[in-house]
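A.B. asks: predicted model and sequence follow; I will ask about them next.
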Amino acid sequence: MSSLPPPPEIVKKKGVSKYIVIGLILGILIGSVTGYGFAYLTLSPDVSRWKSLYENKVTEFNNLQDNYNQINDTLGLFEKQTREVFYFTMLPLYNYKTDEYWYVWYKVKSSDYYNYRFDVETHTPALLEDRATEGNISKTANSWSDPESDVIREIANDLWQVSHGDEEVFVNLAVQLVHQMCYNITLYTKYPIETIVEGSGDCDNLAVLTASILLAGGFDVIILLVEADGGGHCMLAVSLSSPPDDLFDYGRGSHWYYEYNDEKYWLIEATWGDPGGEGWIDPATSDAYNYVGAFVGDNPWDSIEIVSVIHPSG
């Protein structure tokens with residue numbers, strides 16, 4: 001058997017692999033440093049700009065936080081200082097059936113008034129053909145049941161007393177009370193409490209106030225957005241257990257109603273005029289009932305075209 005010679009001895013080159021690894025590491029480090037330096041030189045202006053913007057926003061935020069805290073402190077002081085404030089109004093009422101004169105007076109807490117005055121979402125422009133307007137009118141008319149609107153319920157209780165339980169007289173007294181509000185053009189629909197405190201409003205404000213009093217008195221009402229003699233207007237109408245007839249004693253030859261859901265609702269004109277205007281008649285007098293518009297069932301307009309019907313309690 002022949003034997004093969006032993007394999008040649010492999011001579012290991014000590015340290016070569018180690019140097020290769022070290023070289024690779026150094027290459028990576030040098031590349032990283034070079035790349036970082038290049039990136040730093042390239043991006044440093046942007047970094048400085050973003051850093052400056054961030055610092056500016058932090059400053060703005062801190063300033064806004066300070067302003068917010070100041071506003072909160074001011075509102076807290078305002079609320080504290082107005083707790084003792086209330087608004088007072090006194091109004092005459094004339095019962096044309098009994099020839100009695102009454103005075104009614106009401107106090108509205110400032111907090112109740114501001115609860116509605118600061119409801120800026122409701123205070124949007126009132127437009128004749130607008131679903132948001134219809135929603136706001138319904139919302140404001142129905143506010144008579146709010147805890148802040150106890151004065152509306154107080155008015156209704158007083159009117160039942162002054163009217164001696166006569167529902168037609170009640171309605172006419174409610175109209176008479178609202179007619180004492182000064183007519184003032186307003187772009188948005190107000191809450192009844194606002195109209196009472198401010199003593200003024202235009203057609204939709206006055207219709208809403210009248211409707212809220214009637215609703216608080218237990219009546220069913222509708223609010224009408226109409227074209228009256230060609231102009232946008234807001235009226236209301238009320239359902240009664242029997243047709244109104246008191247107006248016939250003051251020279252009327254007819255009474256007006258609007259039929260809604262197979263029921264008759266008798267027209268009410270809530271506007272009266274500006275107390276400072278020429279020819280103004282005090283609505284809380286017997287003379288006022290000679291003018292068309294003083295009674296439920298009156299229609300002072302030559303033509304009315306119904307645009308929309310709002311049923312607050314419906």
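C.D. replies: Happy to help now that I have it.
A.B. asks: the chain: strands as residue ranges?
C.D. replies: Read by DSSP state E, the chain holds these strands, from start to end of the chain: 86-95, 100-109, 182-183, 200-201, 221-228, 231-238, 257-260, 263-268, 304-310.
A.B. asks: out of those strands, nearest to residue 53?
C.D. replies: With Cβ to Cβ as the criterion, residue 53 lies closest to strand 100-109 of the strands of the chain, at 48.3 Å. (C-beta placed from N, C-alpha, C; glycine too.)
A.B. asks: what comes up buried for that closest one?
C.D. replies: Taking 16 or more other Cβ atoms under 10 Å as the neighbour-count basis, strand 100-109 is seen to contain the buried residues 104, 106, 108, 109.
A.B. asks: please apply the same query to stretch 139-146.
C.D. replies: 140, 141, 142, 143, 144, 146.
A.B. asks: output the residues you listed as CSV; include the columns distance to residue 175.
C.D. replies: Shown next, in CSV, are the buried residues of stretch 139-146 (distance: Cβ to Cβ, whole Å):
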residue, distance to residue 175
140, 18
141, 15
142, 20
143, 19
144, 16
146, 23
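A.B. asks: and the protein, what are its domain boundaries?
C.D. replies: Domain segmentation of the chain under automatic domain parsing yields 21-82, 86-310.
A.B. asks: the ones you listed into a markdown table, with extra columns for mean pLDDT?
C.D. replies: Listed next are the domains of the chain as a markdown table, based on pLDDT from 0 to 100:
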| stretch | mean pLDDT |
| --- | --- |
| domain 21-82 | 68 |
| domain 86-310 | 96 |
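A.B. asks: how about the strands of the chain, which one is nearest residue 136?
C.D. replies: Taking Cβ to Cβ as the criterion, residue 136 comes closest to strand 304-310 out of the strands of the chain, the separation being 9.8 Å.
A.B. asks: what pairs with the closest one, parallel or antiparallel?
C.D. replies: Paired strands of strand 304-310, with direction, are strand 221-228 (antiparallel) (DSSP bridges).
A.B. asks: and the angle for the strand it pairs with with strand 231-238?
C.D. replies: On the basis of axes from the mean of the first three to the mean of the last three Cα atoms, to 10 degrees, strand 221-228 is oriented at 150 degrees to strand 231-238.
A.B. asks: hey, where'd the helices end up in the stretch 101-250 of the chain?
C.D. replies: Assigned helices in the stretch 101-250 of the chain, in chain order: 110-117, 131-141, 150-162, 167-179, 192-198, 203-216 (criterion: DSSP state H, counting those that start in this stretch).
A.B. asks: give me the helices and strands touching the second one, please.
C.D. replies: Right, the one you point to is helix 131-141. Using 3 or more Cβ pairs under 8 Å, 6 or more residues apart in numbering; DSSP states H and E, the elements in contact with helix 131-141 are helix 203-216, strand 221-228, strand 304-310.
A.B. asks: dump the longest one to CSV, keeping only the CA atoms.
C.D. replies: Which is helix 203-216. These are the backbone C-alpha positions of helix 203-216, laid out as CSV (Å, rounded to 0.1, in the frame of the first residue of the first chain):
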residue,chain,number,x,y,z
CYS,A,203,-91.5,90.9,14.4
ASP,A,204,-90.0,87.5,15.1
ASN,A,205,-88.8,88.5,18.6
LEU,A,206,-92.2,89.8,19.5
ALA,A,207,-94.0,86.8,18.0
VAL,A,208,-91.7,84.5,20.0
LEU,A,209,-92.3,86.4,23.2
THR,A,210,-96.1,86.2,22.7
ALA,A,211,-96.0,82.5,21.8
SER,A,212,-93.9,81.7,24.9
ILE,A,213,-96.4,83.4,27.2
LEU,A,214,-99.3,81.6,25.5
LEU,A,215,-97.5,78.3,25.7
ALA,A,216,-96.8,78.9,29.4
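A.B. asks: that helix packs against which elements?
C.D. replies: Using 3+ Cβ pairs under 8 Å, 6+ apart as the contact definition, the elements that helix 203-216 packs against are helix 131-141, helix 150-162, helix 167-179, helix 192-198, strand 221-228, strand 231-238.
A.B. asks: distance to residue 114 added to the ones you listed, as JSON lines?
C.D. replies: Formatted as JSON lines, the entries for these read as follows, by distance: least, Cβ to Cβ, whole Å:
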{"stretch": "helix 131-141", "distance to residue 114": "16"}
{"stretch": "helix 150-162", "distance to residue 114": "14"}
{"stretch": "helix 167-179", "distance to residue 114": "22"}
{"stretch": "helix 192-198", "distance to residue 114": "10"}
{"stretch": "strand 221-228", "distance to residue 114": "25"}
{"stretch": "strand 231-238", "distance to residue 114": "25"}
